[in-house]
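> got a structure for you, letters missing:
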């Protein structure tokens with residue numbers, strides 16, 4: 001049973017916003033109830049679950065005989081087995097929690113073809129033997145990928161939890177790439193935890209690109225703290241009221257300083273101090289067509305900060321110098337930044353230096369001095385070119401990268417490269433300089449090496465002004481609010497200024513999960529005192545890196561995650577209060593920090609003026625002009 005909704009005093013002045021808070025609590029409770037009902041139905045129909053018609057099998061009928069099994073006797077034991085009603089398959093015992101995900105896998109070549117956009121469904125039966133894992137649950141990472149070392153292009157993936165009873169598991173996803181004959185595999189990856197799993201009847205079905213992805217069966221994914229009455233969320237909402245809101249006093253007097261009671265006062269938050277932002281493309285901000293106009297309107301209405309997705313990166317900045325290209329032009333870049341500044345939006349500059357190897361740096365890998373020179377040339381040019389239009393820079397992006405073992409340019413150019421980039425940038429601009437990396441919320445190499453990289457810079461006397469966490473998520477790993485808060489504390493102890501800089505989440509078509517994860521990530525970040533911004537990486541399907549992660553569809557209709565954003569950012573946390581001054585001529589309210597429009601009306605007079613509460617409580621004095 002859910003707890004009573006929080007009594008948020010910030011909303012006592014506005015019944016509409018108060019109602020939104022109650023609506024949020026009610027929606028959470030109803031969603032949880034429907035999820036429980038679905039799980040019950042799924043558990044009863046597990047083995048006999050029917051599949052939609054029209055799917056083409058891509059795996060051999062004899063899956064047991066065609067599968068490639070791991071040959072790692074120190075890590076795991078694999079054996080064929082006949083599971084009776086569940087058919088023939090494999091029993092795999094993983095000996096050690098330290099075995100990596102990829103070290104233990106059951107892998108099969110695809111028989112058929114897959115095109116990008118095809119709707120795929122992996123189906124299999126499995127159970128985890130009781131007592132074989134610490135929590136009596138198993139976990140399988142289902143992956144379809146092109147294995148072409150050193151490249152492993154994933155067509156789709158997700159992770160599922162396995163109970164101790166036989167069940168049918170479903171993993172639906174849209175293919176993100178084409179298959180390649182002979183080297184495309186469907187794999188069940190079993191590493192990552194000590195467990196014994198029994199698996200049978202593995203199938204991969206292709207329903208083509210026109211099939212409705214929502215019609216495919218899927219598991220209900222649980223992440224820690226997703227439940228409607230999660231204690232961590234209630235604590236976070238209470239923290240938000242404490243640290244993100246402030247007392248506001250409006251004093252109304254006449255020209256002689258006499259207090260004016262019963263004056264009508266309204267406060268409307270026009271722009272949050274917190275950077276509720278998004279990545280944008282300069283060509284759409286500066287475009288003159290109808291699409292660009294709709295694009296700009298969404299940005300202006302829903303966000304208080306922007307970052308240019310690619311326009312300030314070396315290739316786009318350099319190629320755009322001619323101002324005659326169809327994709328990037330420096331005049332668009334500078335114009336888009338100016339457009340945002342005119343509207344009071346915070347602007348991020350992305351980026352000065354890129355850690356991983358790129359096409360241009362690979363060509364210069366035997367010339368470290370040339371790599372350094374090109375990085376420093378871009379740093380100087382872009383800081384100078386965008387001077388006065390950027391509020392903060394990602395000085396170093398992906399300092400440790402995603403490859404394991406690590407492959408980044410500083411390993412060739414020299415260990416002082418990143419520190420030198422910070423020093424060079426600080427000599428050219430006074431705005432804050434950030435360091436930015438992905439997968440910070442996932443335990444492992446990337447998180448730990450990023451932490452050590454920051455410590456190393458601090459030891460060299462080059463402390464970053466802020467730490468950016470790109471926050472690209474996938475439904476196969478959603479750590480939950482409490483874990484994200486814990487990891488945030490770890491990094492805030494190094495530098496107490498954090499941002500989520502590129503948020504998105506792939507859920508393979510599960511829009512409810514996508515909405516819930518956005519909700520909880522928003523609440524987590526806004527409730528933590530070290531965060532100053534949360535930036536989306538894609539807001540509209542028609543223009544973005546991963547269209548599935550957008551908040552608005554190509555036809556501009558709002559997705560469930562878009563409703564979550566608007567309900568929280570544009571309603572619940574965008575203060576609108578009104579009332580009358582008391583006998584002393586004052587009006588008291590409490591609201592979220594940011595730039596307000598203050599309106600005072602009395603005796604036929606109307607005064608409208610701005611007031612900024614970014615730095616906390618204060619009083620604005622409104623003096624009525626002489627009649």
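Okay, I see it. These numbers were taken from a predicted model, which means no experiment stands behind them.
> next up, phi/psi of the residue nearest the centre of the chain, please.
The residue lying closest to the centre of the chain (Cα atoms, centre = their mean) is residue 503, at 2.3 Å. Backbone torsions for residue 503, taken as degrees, to the nearest 10, come to phi -60, psi 130.
> ditto for residue 582
Torsion angles at residue 582 (phi, psi; degrees, to the nearest 10) stand at phi -90, psi -170.
> what do you get for residue 401?
Backbone torsions of residue 401, given as degrees, to the nearest 10, read phi 70, psi -180.
> how about residue 182?
Per-residue torsions, residue 182: phi 80, psi -20 (degrees, to the nearest 10).
> that one - nearest residue in space that isn't next to it in sequence?
residue 109 (6.9 Å; Cβ to Cβ, 6 or more residues apart in numbering). C-beta coordinates here come from the backbone N, C-alpha and C atoms, glycine included.
> against residue 51, how distant is that neighbour?
22 Å (Cβ to Cβ, to the nearest Å).
> so where's this structure uncertain?
For the chain, residues meeting the criterion pLDDT under 70 lie at 1-49.
> switch the cut-off to 80
Residues of the chain meeting the criterion pLDDT under 80: 1-50, 98, 150, 627.
> hang on, the earlier thing: hang on, the residue nearest to the centre of the chain packs against residue 521?
Yes - contact criterion Cβ atoms under 8 Å: residue 503 and residue 521 qualify, at 6.5 Å.
> what do those two both touch?
When contacts are counted by Cβ atoms under 8 Å, 6 or more residues apart in numbering, residue 503 and residue 521 are jointly contacted by 471, 473, 534.
> double-check that the last one belongs to a strand.
Yes - under DSSP: H, G, I helix; E, B strand; the rest coil, residue 534 sits within a strand.
> count of neighbours near it?
25 (other Cβ atoms under 10 Å).
> repeat that for the second one.
With neighbours defined by other Cβ under 10 Å, the count for residue 473 comes to 24.
> same question for residue 90.
Residue 90: 21 surrounding residues under other Cβ under 10 Å.
> for residue 257, same thing?
Residues near residue 257, counting by other Cβ under 10 Å, number 9.
> cool, the one 10 residues further on as well?
Around residue 267 there are 24 other residues, counting by other Cβ under 10 Å.
> that one in helix, strand or coil?
Classification of residue 267 by three-state DSSP places it in strand.
> and it, what are its bridge partners?
Beta-bridge partners of residue 267, counted by DSSP bridges, are residue 577, residue 598.
> let me know whether the residue nearest to residue 182 touches residue 180 as I believe.
No - Residue 109 is beyond contact range of residue 180, at 10.9 Å (criterion: Cβ under 8 Å).
> more neighbours, the two?
Legend: neighbour count by other Cβ under 10 Å for residue 109 and residue 180, higher for residue 109 (17 against 14).
> OK, contacts around that one?
By Cβ under 8 Å, 6+ apart, the contact list for residue 109 reads 66, 182, 184-185.
> gap between it and residue 173?
19 Å.
> can you get me the start-to-end distance on stretch 490-502?
One end of stretch 490-502 to the other measures 20 Å (Cα to Cα, to the nearest Å).
> now swap in stretch 97-113 and tell me
35 Å.
> now stretch 547-556
End-to-end distance (Cα to Cα), stretch 547-556: 13 Å.
> pull the residues that contact it.
Contacts to stretch 547-556, defined as Cβ under 8 Å, 6+ apart, come from residues 174, 294, 298, 504-507, 509, 514, 536-542, 544, 558-559, 561-562, 565.
> doesn't residue 306 belong to a helix?
No - Residue 306: not assigned to a helix; according to three-state DSSP it is strand.
> thought residue 276 was touching it, still the case?
No - at 10.7 Å, residue 306 and residue 276 do not qualify as touching, with contact defined as Cβ under 8 Å.
> still on that earlier bit, now, which of the contacts of stretch 547-556 lie within strands?
174, 504-506, 536 (DSSP state E).
> any idea how many residues pack against residue 66?
For residue 66, the count of nearby residues is 14 (other Cβ under 10 Å).
> nope, residue 123 is what I was after
20.
> give me the secondary structure label for it.
Using three-state DSSP, the structure places residue 123 in strand.
> list the contacts of the residue nearest to it when sequence neighbours are not counted.
Counting by Cβ to Cβ, 6+ apart, residue 123 lies nearest to residue 203, which is 4.8 Å off, once chain neighbours are set aside. Contact partners of residue 203, counting by Cβ under 8 Å, 6+ apart, are 57, 59, 63, 122-124.
> residue 284: which of these is nearest?
Distance to residue 284 across the contacts of residue 203 (Cβ to Cβ) is lowest for residue 122, with 36.6 Å.
> just confirm that closest one contacts residue 141, I think it does.
No - using Cβ under 8 Å, residue 122 is not in contact with residue 141; the gap is 11.1 Å.
> neighbour count winner among the two?
Using other Cβ under 10 Å as the criterion, residue 122 and residue 141 rank with residue 122 on top: 25 against 20.
> now that one: how far from residue 214?
Residue 122 is 17 Å from residue 214, where distance means Cβ to Cβ.
> residue 76: how many residues sit nearby?
23.
> got phi/psi on it?
Backbone torsions of residue 76, given as degrees, to the nearest 10, read phi -160, psi 170.
> which residues touch it?
Here residue 76 is in contact with 70, 92-95, 99, 103-104, 190-191 (criterion: Cβ under 8 Å, 6+ apart).
> kindly state the beta-bridge partners for it.
Counting by DSSP bridges, residue 76 is bridged to residue 94.
> going along the chain, name the helices of the stretch 251-400 of the chain.
282-285, 290-302, 314-319, 330-342, 359-363, 368-385 (DSSP state H, counting those that start in this stretch).
> if I pick residue 442, what's in contact with it?
Applying Cβ under 8 Å, 6+ apart to residue 442 gives the contacts 477, 479.
> residue 242 versus that one, what's the distance?
29 Å.
> how about residue 610?
For residue 610 relative to residue 242 (Cβ to Cβ), the value is 25 Å.
> how close does residue 499 get to residue 506?
Taking Cβ to Cβ as the measure, residue 499 falls 21 Å from residue 506.
> could you list the domains of this protein?
56-215, 277-286+306-332+348-556 (automatic domain parsing).
> tell me which of those sits most buried.
The highest mean neighbour count among these, using mean count of other Cβ atoms under 10 Å, belongs to domain 277-286+306-332+348-556: a mean of 19.
> from the chain's centre, how far out does that one sit?
12 Å (Cα atoms, centre = their mean, to the nearest Å).
> now do stretch 280-292
For stretch 280-292, the distance to the chain centre is 24 Å (Cα atoms, centre = their mean).
> mind checking the end-to-end distance for it?
In stretch 280-292, first residue to last residue: 11 Å (Cα to Cα).
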